[in-house]
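Student: Need a 3D model of the following:
(one chain, ligands or ions: 1)
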Amino acid sequence: MSLVKEIAKRRTFGIISHPDAGKTTLTEKLLLFGGAIQEAGAVKSNKIKKGATSDFMEIERQRGISVATSVLAFNYRDRKINILDTPGHKDFAEDTFRTLTAVDSVIVVIDVAKGVEEQTEKLVQVCRMRNIPMIVFINKLDREGKDAFDLLDEVEQKLGLKVTPLSFPIGMGFDFQGIYNIWEKNINLFSGDSKKNIEETIAFDDLDNPQLGEIIGSEAADELRENLELVYEVYPDFDKEAYTKGELQPVFFGSALNNFGVRELLDCFIDIAPSPLPKKAEEREVVPTEEGFTGFVFKIHANMDPKHRDRLAFVKIVSGTFERNTPYLHVRHNKKLKFSSPNAFFAEKKEIVDISYAGDIVGLHDTGNFKIGDTLTQGEELHFKGIPSFSPEHFRYINNADPMKSKQLEKGINQLMDEGVAQLFTLELNGRKVIGTVGALQYEVIQYRLEHEYGAKCTYENFPVHKACWVEPEDEKSEEFEEFKRVKQKFLAKDKQGQLVFLADSAFSIQMTQQKYPNVKLHFVSEY
Ligand code: GDP
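Tutor: Predicted coordinates for the structure are as follows:
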């Protein structure tokens, strides 16, 4: 099959939600439709309960051995669908942000009773910044929840989206009867007890048809007519271009657990969701259908099985085809590398494959060559953009607790930072190392992994920092910048890329610094 056709078949997306909204359940139902798994319960949740480290370790260990859950691929109708796993736990938000650089679209799952929650807000904000096309799925309609219109308002206001419902619920919770599918113009009736069966679908072009009352009862029929009238009045018609540009978000209602409304979501998704999109590199924009292979590393997974220590680097193919045993340029190292066993991902397993196409993810065994954000090409000097670091929330000095193992500690810290577990800052004044994380949980993870994977021991010491600010002087040689560096000496550090960072101890200090040194810009993101 031609490259163009292969690429057009592909849909690579992520599901984002606040923990417990139903991401795992929805993923599982999608895989069932694709025939990729045979029964429910096959998809492992990546959930971490209440920050329990042991729980995290156990999950990481399992996932490390069977990393297949990081990418779940299946075929549905004539499409090849790649779902990229995104951790919902807030301490791993950075991991999710990075994964969002590799998706072409997103499905946002919202709990009908809880509405828009904190984690959803953060993740959607990142998607909005990147204009990623989003579909919203309002889940758990079998339960009592918020009024549909109120929820649509909430989604618009809290998430800053412009929505248009493509389905609408008939009743809710105890009275939930089913869904009117605006996209396909039919009614789906829900029967709570036939959980596994595909529900009854009745085509209904004309809502004025009196038959509607016979099916769902005259009261519900009137209510539905009224609701839909309001929908058509208030919300814009679905417009694929606006959706693709990230300017309009279609909304579906359903119940993932009961497999209700999921097929409708999936059918619409494969119709409207974009096939692999062009991606900007520093040098130029790369189009998926270009013959030459290009791709970038968006995730590195440590293998925690002590027998197989190597890591797996996840590469999103941006253009062309990735072929086994073919030398590709590792741009940062300016070195050609060949991969004899690239992994492609399927529902529950990974397999060595000879060829993968733009839009796909390949997993490459790595002994320490890769860093998140690295670009691979057929020879061109390209640098893909768009994996910025955000300022961490927590900062601690890291100390060596076993002087005999300082080499191991150094190697361990470097490799863990390459994986993106946390951010490392080296103080300009004395070379001490500071680790910044999004959540306190990461410190335990790092300590555990340093010990178990590298045989090194560490302790931490508090370092009160409010925020890391990346420093951009207007003129590196100016007196103002020299003074800034002299006065702030104690608070200056270099990040892993060697960029200068100001570790401010309070919001006030940032404000004062900005006033005093107006020509030294402070950024809260590493890419500006
Ligand atoms: P995740 O944290 O977003 O991956 O959420 P899960 O898929 O693990 O779901 C969280 C809980 O909500 C589980 O107990 C699910 O069984 C339940 N759940 C998911 N979908 C539905 C639904 O449609 N209706 C009801 N009543 N419960 C659901």
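
Student: Check which residues of stretch 283-294 are buried.
Tutor: Buried residues in stretch 283-294, defined by neighbour count with 16 or more other CB atoms under 10 Å: V286, V287, P288, T289, E290, F293, T294. All C-beta spots, glycine's among them, are computed from the backbone N, C-alpha and C.

Student: Do a quick rundown of the strands in the stretch 101-250 of the chain.
Tutor: All strands of the stretch 101-250 of the chain, identified by DSSP state E, counting those that start in this stretch, fall at 105-111, 134-139, 163-165, 167-170, 178-181, 186-189, 200-203, 249-253.

Student: Just checking: what are the partner strands of the fourth one?
Tutor: It stands for strand 167-170. strand 178-181 (antiparallel) (DSSP bridges).

Student: who touches the strand it pairs with?
Tutor: The contact list for strand 178-181 (CB atoms under 8 Å, 6 or more residues apart in numbering) reads 141, 166-170, 186-190, 199, 204, 216, 224, 228, 253-254, 260-261, 264.

Student: in which helix or strand would I find V315?
Tutor: Secondary structure assignment for V315, by DSSP states H and E: strand 311-319.

Student: and after that strand, which helix or strand comes next?
Tutor: strand 321-323.

Student: Skip ahead from that next one and say which helix or strand is next.
Tutor: Following strand 321-323 in sequence, per DSSP H and E, is strand 328-330.

Student: Check which helices and strands that following strand sits against.
Tutor: If contacts are counted by 3 or more CB pairs under 8 Å, 6 or more residues apart in numbering; DSSP states H and E, strand 328-330 sits against strand 335-337, strand 375-377.

Student: Could you spell out the sheet neighbours of the last one, each with its direction?
Tutor: Sheet neighbours of strand 375-377, with direction, are listed as strand 294-301 (antiparallel), strand 328-330 (antiparallel) (DSSP bridges).

Student: swap in the first one?
Tutor: Each strand paired with strand 335-337, and its direction, by DSSP bridges: strand 328-330 (antiparallel).

Student: neighbouring contacts of the partner strand?
Tutor: Counting by CB under 8 Å, 6+ apart, 293, 322, 335-339, 369-370, 374, 376-380 sit against strand 328-330.

Student: For the residues you listed, which ChimeraX command selects only the ones that are buried?
Tutor: This is the ChimeraX syntax for the buried subset of the contacts of strand 328-330, where burial follows 16+ other CB under 10 Å:
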select :293,322,339,369,370,374,376,377,378,380
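
Student: So for the contacts of strand 328-330, which is the shakiest by pLDDT?
Tutor: Within the set of the contacts of strand 328-330, pLDDT is lowest for N369 (89).

Student: I'd like the distance between it and the ligand.
Tutor: Distance, N369 to the ligand, by CB to the nearest ligand atom, to the nearest Å: 33 Å.

Student: mind checking which helix or strand G412 is in?
Tutor: Assigned by DSSP H and E, G412 falls within helix 406-418.

Student: partner residues bridging the closest residue to P236 other than its chain neighbours?
Tutor: Sequence neighbours aside, T164 is the residue nearest to P236 in space, at 5.5 Å (criterion: CB to CB, 6 or more residues apart in numbering). With DSSP bridges as the criterion, T164 is bridged to P250.

Student: tell me the contacts of T164?
Tutor: Y235, P236, D237, F238, L248, Q249, P250, V251.

Student: go again using 7 Å as the cut-off
Tutor: Y235, P236, F238, L248, P250, V251 (CB atoms under 7 Å, 6 or more residues apart in numbering).

Student: Selecting buried members of these in PyMOL, what would you type?
Tutor: The buried residues among the contacts of T164 can be selected in PyMOL (16+ other CB under 10 Å) with this line:
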select buried, resi 235+238+248+250+251
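
Student: For the ligand, state which of the contacts of T164 is nearest.
Tutor: The ligand has its nearest neighbour among these in V251, at 15.6 Å by CB to the nearest ligand atom.

Student: Need the nearest residue in space to the residue of the stretch 51-200 of the chain at minimum distance from the ligand, chain neighbours excluded.
Tutor: Nearest residue of the stretch 51-200 of the chain to the ligand: K140, at 3.8 Å (CB to the nearest ligand atom). Nearest non-adjacent residue to K140, counting by CB to CB, 6+ apart: V112, 4.9 Å away.

Student: mind checking the backbone torsions on that neighbour?
Tutor: phi -60, psi -30 (degrees, to the nearest 10).

Student: Report the distance from stretch 104-123 to the chain centre.
Tutor: The chain centre lies 12 Å from the centre of stretch 104-123; the measure is CA atoms, centre = their mean, to the nearest Å.

Student: Straight-line length of that stretch, end to end?
Tutor: Taking CA to CA, to the nearest Å, stretch 104-123 runs 15 Å from one end to the other.

Student: Could I get the buried residue list for that stretch?
Tutor: For stretch 104-123, by 16+ other CB under 10 Å, it's 104-112, 115-117, 119-120, 123.

Student: any idea how far F168 is from E461?
Tutor: 56 Å (CB to CB, to the nearest Å).

Student: Looking at those two, which is more packed in?
Tutor: Counted by other CB atoms under 10 Å, F168 and E461 do not tie: F168 has more neighbours, with 20 against 10.

Student: For the closest residue to that one other than its chain neighbours, name its beta-bridge partners.
Tutor: Once flanking residues are discounted, F168 sits nearest to Y180: 4.9 Å by CB to CB, 6+ apart. Counting by DSSP bridges, Y180 is bridged to F168, I187.

Student: Can you get me a residue count around Y180?
Tutor: Neighbours of Y180 under the rule other CB under 10 Å: 25.

Student: how far does the helix holding G412 sit from the chain's center?
Tutor: 26 Å.

Student: Tell me which other helices or strands it touches.
Tutor: strand 394-400, strand 423-427, helix 441-454 (3 or more CB pairs under 7 Å, 6 or more residues apart in numbering; DSSP states H and E).

Student: Just the angle for that helix relative to strand 394-400, thanks.
Tutor: Following axes from the mean of the first three to the mean of the last three CA atoms, to 10 degrees, one obtains 150 degrees for the angle between helix 406-418 and strand 394-400.

Student: and helix 406-418, which residues are buried?
Tutor: Applying 16+ other CB under 10 Å to helix 406-418 flags Q408, L409, K411, G412, I413, Q415, L416, M417, D418 as buried.

Student: how about the fourth one, what does it touch?
Tutor: With contacts defined as CB under 7 Å, 6+ apart, G412 is in contact with L450, E453, Y454, A456.

Student: still on that earlier bit, which pair of the contacts of T164 spans the longest distance?
Tutor: Largest separation among those by CB to CB: P236 and V251, giving 12.2 Å.

Student: partners of I355 in the sheet?
Tutor: Beta-bridge pairing for I355 (DSSP bridges): E323.

Student: so it makes contact with N325?
Tutor: No. In this structure, I355 is not within contact of N325 by CB atoms under 7 Å, at 10.9 Å.

Student: Compare those two (neighbour count), which wins?
Tutor: Neighbours per residue (other CB under 10 Å) separate I355 from N325, with I355 holding more: 14 against 10.

Student: Quick check: that one vs the ligand, distance?
Tutor: 33 Å.

Student: Point out the residues in the stretch 151-300 of the chain that sit beside the ligand.
Tutor: Contacts of the stretch 151-300 of the chain with the ligand, taken as CB under 6 Å from any ligand atom, map to S255, A256, L257, N258.

Student: closest to K490 among those?
Tutor: A256 (51.7 Å).

Student: What's the local residue count around the closest one?
Tutor: Neighbourhood size, A256 [other CB under 10 Å]: 25.

Student: if we can go back for a sec, for the helices and strands packed on strand 328-330, which one sits closest to the ligand?
Tutor: For the ligand, the closest of those is strand 375-377, at 31.7 Å, according to CB to the nearest ligand atom.

Student: Now do stretch 248-261: distance to the chain's middle.
Tutor: Taking CA atoms, centre = their mean, the mean C-alpha location of stretch 248-261 is offset from the chain mean by 20 Å.
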